[in-house]
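Engineer: would you be able to build a 3D model of this:
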Amino acid sequence: MPEHPTPVSESVARLYDAAPEREWARMERHRTEFAVTLRALAEHLPPAPARVLDCGGGPGRYAIELARWGYDVTLFDLSSGNLALARQKVAEAGVALTFEQGTALDLGRFADDTFDAVLLMGPLYHLLEADERQLALAEAARVLKPSGLLFAALITRYAAHRDCAGRRPAELLEEADIYAEILRSGRLPPAAGDRPSFFAYFAHPDEASPLMWGAGLEVRTILGVEGLVSTVEDFGVNALAGPAWDAWAEVNYRVAADPALFGGVEHLLVIAAKPAWRRVLRQIAARLAEAGVSYTVVGGGSPALHGLPLVVRDLDIETDAAGAYRFGELFAGQVVEPVALRESATYRSHFGRFDFDGVPVEVMGDLERREGDRWVATAATTQATIDLDGAPVHVSTLEEETLAYIRRGRLDRAALCLPRCDHGRLLALLRGERTTRVL
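Structural biologist: Numbering: from 1, shown residues only. Sure, this is the predicted structure:
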């Protein structure tokens, strides 16, 4: 983990220490961003008094609102100027917060699985390097509880040009190299010397979702928080009050998830969850390995472990009959439906249902499907070992899982898998050169 302060963190502190009041007032200038984000928090946050880390929360605009709503909020920021102003504003608001100073690259003072939600609505766009953004996300994910939510903000690729067009259009020629570099790489570095200057990474909208999935987070939604009034709110909307303002705030929230807006707003808000199933599967895999039970993860968990952007709602585990009953013994406290030989019109197996802290798990021993008047084995025959956060987990190969989706008529899921399949392995299965029982 990088030592701090780094040159970037020094630039962040210098920028915000110079004018913390400007950051506080920014939400007055950009009322729609504030209103849409608050609506998103109200809709998606778990009920108060859940614990929230506002990481890079500046002078505390969101932290104070959440404290008013009854949340247990820790405001964490790099700028001493921001934190000093936050303390003043907290006192004026008559709410209680916990204050911490530090960098989003190192949340080491907080234990794993501490917070129900993390707000990361500033740090990512001041981290110019991809590995730093990934580290900040990894730290935020680490301190989130399983199923906890991350709210992460990105400045969009064209925001600087839109701002330039609206406020100082001649600057496009005067600073041509700077604007060309933003279009090319998204980077606006700090100005040379000690003078405070704005700097940022401007993310293309297509980067938002892969960035979160790559950090092991499941994307719930992405919002363009300026909605329909991006860069034009000063021309009338900001002057509204009462029902007229509420109507505009509501319509902007209603359309904020439309991807058609994403290239034309200044900020994207990504709401993502730390999937609880990953921890559950690590625990299951370790216990099964210790007990010598062979198994294969199939269903949605398999392509997710292969890196596809899928929300996993339950875990499906194939084994043999003896393995299924041994699973039931090992996890007797999680049994919902004990393992027994069961059959439907289509499938038969030694089947059991389990619940691991809200994560449903189904175990199938010696799975068979009906073909006419007989039963034929249909369990996965190929296997890969995937590293799941440091633990080896056995999964079906993506190629065999894709064929299983095709047979079951899940062509949408198969289409998602196909581009990532190994062409040679897929053809070998189709030609019968490698054994598969899923077709």
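Engineer: show me what whichever helix or strand residue 402 is part of is packed against.
Structural biologist: Using DSSP states H and E, residue 402 maps to helix 398-407. Counting contacts by 3 or more C-beta pairs under 8 Å, 6 or more residues apart in numbering; DSSP states H and E, helix 398-407 packs against helix 301-305, helix 411-417, helix 423-430. All C-beta spots, glycine's among them, are computed from the backbone N, C-alpha and C.
Engineer: after the helix or strand hosting residue 280, which helix or strand is next?
Structural biologist: Secondary-structure assignment from DSSP H and E places residue 280 in helix 276-291. Elements were assigned by DSSP H and E; along the chain past helix 276-291, the next helix or strand is strand 296-298.
Engineer: nearest residue to the residue nearest in space to the middle of the chain other than its sequence neighbours?
Structural biologist: Residue closest to the mean C-alpha point of the chain, counted by C-alpha atoms, centre = their mean, is residue 272 at 3.2 Å. The shortest distance from residue 272 to any non-neighbouring residue, by C-beta to C-beta, 6 or more residues apart in numbering, is to residue 217 (3.9 Å).
Engineer: how about residue 299?
Structural biologist: Leaving aside its chain neighbours, residue 299 sits nearest to residue 316 (3.4 Å; criterion: C-beta to C-beta, 6+ apart).
Engineer: so what's the one you found up against?
Structural biologist: Contacts here follow C-beta atoms under 8 Å, 6 or more residues apart in numbering; on that basis residue 316 touches 297-301, 361-362, 364.
Engineer: just flag the most distant two among the residues you listed.
Structural biologist: Of all pairs drawn from the contacts of residue 316, the one with the largest separation by C-beta to C-beta is 300 and 364; the distance is 14.5 Å.
Engineer: more crowded one of those two?
Structural biologist: With neighbours defined as other C-beta atoms under 10 Å, residue 300 and residue 364 compare such that residue 364 has more, 27 against 19.
Engineer: for the residue nearest to that one when sequence neighbours are not counted, what are its contacts?
Structural biologist: Excluding the flanking residues, the one nearest residue 364 by C-beta to C-beta, 6+ apart is residue 349, at 4.1 Å. Shown here is residue 349, whose contacts under the criterion C-beta under 8 Å, 6+ apart are 324, 341-343, 364-368.
Engineer: likewise for residue 337?
Structural biologist: 351-353.
Engineer: at 7 Å instead, please
Structural biologist: For residue 337, the contacting residues are 352-353, by C-beta atoms under 7 Å, 6 or more residues apart in numbering.
Engineer: just the buried positions in stretch 42-49, please.
Structural biologist: In terms of neighbour count (16 or more other C-beta atoms under 10 Å), stretch 42-49 has its buried residues at 45, 48.
Engineer: that stretch - what's its average pLDDT?
Structural biologist: This predicted structure assigns stretch 42-49 an average pLDDT of 98.
Engineer: likewise stretch 215-230?
Structural biologist: 97.
Engineer: what comes into contact with that stretch?
Structural biologist: 32-33, 36-37, 40, 44, 134, 137-138, 141, 150, 208-209, 212-213, 237, 252, 255-257, 261-262, 264-275, 278, 309, 311.
Engineer: and what of stretch 350-361?
Structural biologist: With contact meaning C-beta under 7 Å, 6+ apart, stretch 350-361 is reached by 276-277, 280, 314-315, 317, 321, 324-325, 328, 331, 334-342, 362-366.
Engineer: let me know whether residue 76 touches residue 102 as I believe.
Structural biologist: Yes. A contact is recorded between residue 76 and residue 102 when judged using C-beta atoms under 7 Å, the distance being 6.2 Å.
Engineer: neighbour count winner among those two?
Structural biologist: residue 76 (25 against 18).
Engineer: give me the three-state assignment for residue 82.
Structural biologist: Taking DSSP: H, G, I helix; E, B strand; the rest coil as the rule, one finds residue 82 in the helix state.
Engineer: give me every residue that touches it.
Structural biologist: Under the criterion of C-beta under 7 Å, 6+ apart, the contact list for residue 82 reads 16, 20, 23, 58-59.
Engineer: residue 102 too?
Structural biologist: Residues in contact with residue 102, defined by C-beta under 7 Å, 6+ apart, are 76, 78.
Engineer: now it: how far from residue 79?
Structural biologist: As defined by C-beta to C-beta, to the nearest Å, residue 102 lies at a distance of 11 Å from residue 79.
Engineer: again with residue 327
Structural biologist: Going from residue 327 to residue 79 by C-beta to C-beta gives 52 Å.
Engineer: the two - which one has more neighbours?
Structural biologist: Under the criterion of other C-beta under 10 Å, the comparison of residue 327 against residue 79 puts residue 327 first, with 27 against 23.
Engineer: go ahead and confirm that one touches residue 363.
Structural biologist: Yes. Under the criterion of C-beta under 7 Å, residue 327 makes contact with residue 363 at 5.0 Å.
Engineer: any common contacting residues for the two?
Structural biologist: Counting by C-beta under 7 Å, 6+ apart, the residues touching both residue 327 and residue 363 are 319, 339.
Engineer: quick one on the thing from earlier: which of the contacts of stretch 215-230 are buried?
Structural biologist: 32-33, 36-37, 40, 137-138, 141, 150, 208-209, 212-213, 237, 252, 256, 261-262, 264-275, 278.
Engineer: give me the subset of these lying in strands.
Structural biologist: Using DSSP state E to define strands, the subset of the buried ones among the contacts of stretch 215-230 located there is 150, 267-273.
Engineer: dump the residues you listed into CSV; add pLDDT and distance to residue 126 as well.
Structural biologist: Rendered in CSV, the data for these read as follows (pLDDT from 0 to 100; distance: C-beta to C-beta, whole Å):
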residue, pLDDT, distance to residue 126
150, 98, 17
267, 98, 13
268, 98, 15
269, 98, 16
270, 98, 16
271, 98, 20
272, 98, 19
273, 98, 24
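Engineer: helices along the stretch 101-250 of the chain, start to end?
Structural biologist: Residue ranges of the helices in the stretch 101-250 of the chain, as given by DSSP state H, counting those that start in this stretch, are 130-143, 159-167, 171-174, 176-185, 205-214, 242-255.
Engineer: can you say which of these is packed in most?
Structural biologist: Relative to the other members of these, helix 130-143 carries the highest mean neighbour count by mean count of other C-beta atoms under 10 Å, namely a mean of 20.
Engineer: state the distance from the nearest residue to residue 422 once chain neighbours are set aside to residue 411.
Structural biologist: By the measure of C-beta to C-beta, 6+ apart, the closest residue to residue 422 outside its immediate chain neighbours is residue 399, 6.2 Å from it. Plainly put, residue 399 is 16 Å away from residue 411 if you go by C-beta to C-beta.
Engineer: for these two, indicate the residue with more neighbours.
Structural biologist: residue 399 (26 against 11).
Engineer: for the more buried one, what are its contacts?
Structural biologist: Listed by C-beta under 7 Å, 6+ apart, the contact set of residue 399 reads 421-422, 425-426, 429.
Engineer: that's all I had, so thanks and see you.
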